[in-house]
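**Q** got a structure for you, letters missing:
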Ligand SMILES: [Fe+2]
């Protein structure tokens, strides 16, 4: 995580842009490479074969779900955050069921976290066995990096962006009520 950036002081749309360009882009670029590599190792690695098969299956499912999750954020939620930050007035329509959308995003975050915990466990905390080949070592190191990015991304959304969005929404509803 970027300790030197005061995310709490940033506008929500800046945080959403940062998440998209830093985290989503990185997860999109690392994810498919890792999936391909894991699938190859599943075929090749004999001492770690069973675990690698399970890890490869879990990771592929996570990647599919994550891809759909990021699209929902980038095409529905984040554009709304941007519009809301820009207008800050009476003319922006509230997003219907915003709370349910955020709950759904949090639920999906929990699933990703659970899946990565399973992968971490199966891979013995991303630790290669002594006889592991260099590809396995590299793959586990990148998997560790992928998890770290994913968890930072989730932390930023759950603990900073979503609460800010709810705060902004409540501010608007108070504003609208007092204007009517
Ligand atoms: Fe998310």
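**A** Cool, got the structure. Computed from a predicted model, the values in this text were never measured in an experiment.
**Q** can you give me the helices for the protein?
**A** Assigned by DSSP state H, the chain shows helices spanning 12-18, 25-44, 49-72, 78-87, 98-122, 134-156, 162-179.
**Q** Packed most tightly, which of those would that be?
**A** helix 12-18 (a mean of 19; mean count of other CB atoms under 10 Å). All C-beta atoms are positioned from the backbone trio N, CA, C, and that covers glycine.
**Q** pLDDT weak spots in this protein?
**A** 45-46, 87-96, 172-180 (pLDDT under 70).
**Q** now do 90
**A** Residue ranges of the chain with pLDDT under 90: 1-11, 40-52, 80-100, 128-133, 135, 166-180.
**Q** Output the helices of the chain in a markdown table; the columns should cover distance to residue 2.
**A** Listed next are the helices of the chain as a markdown table, based on distance: least, CB to CB, whole Å:
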| stretch | distance to residue 2 |
| --- | --- |
| helix 12-18 | 9 |
| helix 25-44 | 13 |
| helix 49-72 | 20 |
| helix 78-87 | 19 |
| helix 98-122 | 19 |
| helix 134-156 | 8 |
| helix 162-179 | 17 |
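**Q** For residue 147, see how far away the residue nearest to residue 142 when sequence neighbours are not counted is.
**A** Counting by CB to CB, 6 or more residues apart in numbering, residue 142 lies nearest to residue 34, which is 5.8 Å off, once chain neighbours are set aside. From residue 34 across to residue 147, the span is 11 Å (CB to CB, to the nearest Å).
**Q** what do you get for residue 39?
**A** For residue 39 relative to residue 147 (CB to CB), the value is 18 Å.
**Q** And for the nearest residue to residue 106 once chain neighbours are set aside, the neighbour number?
**A** Leaving aside its chain neighbours, residue 106 sits nearest to residue 158 (6.1 Å; criterion: CB to CB, 6+ apart). When neighbours are counted by other CB atoms under 10 Å, residue 158 registers 16.
**Q** which residues does residue 7 contact?
**A** Contacts for residue 7 were tallied using CB atoms under 8 Å, 6 or more residues apart in numbering; they are 15, 156, 160.
**Q** The same query, at a cut-off of 6 Å, please.
**A** 15, 160 (CB atoms under 6 Å, 6 or more residues apart in numbering).
**Q** Make 198 the first number, not 1, from now on.
**A** New numbering, starting at 198: the last item is residue 204.
**Q** chain center to stretch 350-368: distance?
**A** Mean C-alpha position of stretch 350-368 versus that of the full chain (CA atoms, centre = their mean, to the nearest Å) differs by 14 Å.
**Q** Same check on stretch 346-366?
**A** With CA atoms, centre = their mean as the basis, stretch 346-366 stands 10 Å off its chain's centre.
**Q** next one: stretch 316-328
**A** For stretch 316-328, the separation from the chain centroid amounts to 22 Å (computed by CA atoms, centre = their mean).
**Q** End to end on it, go ahead and measure it.
**A** By CA to CA, to the nearest Å, the extent of stretch 316-328 from end to end equals 20 Å.
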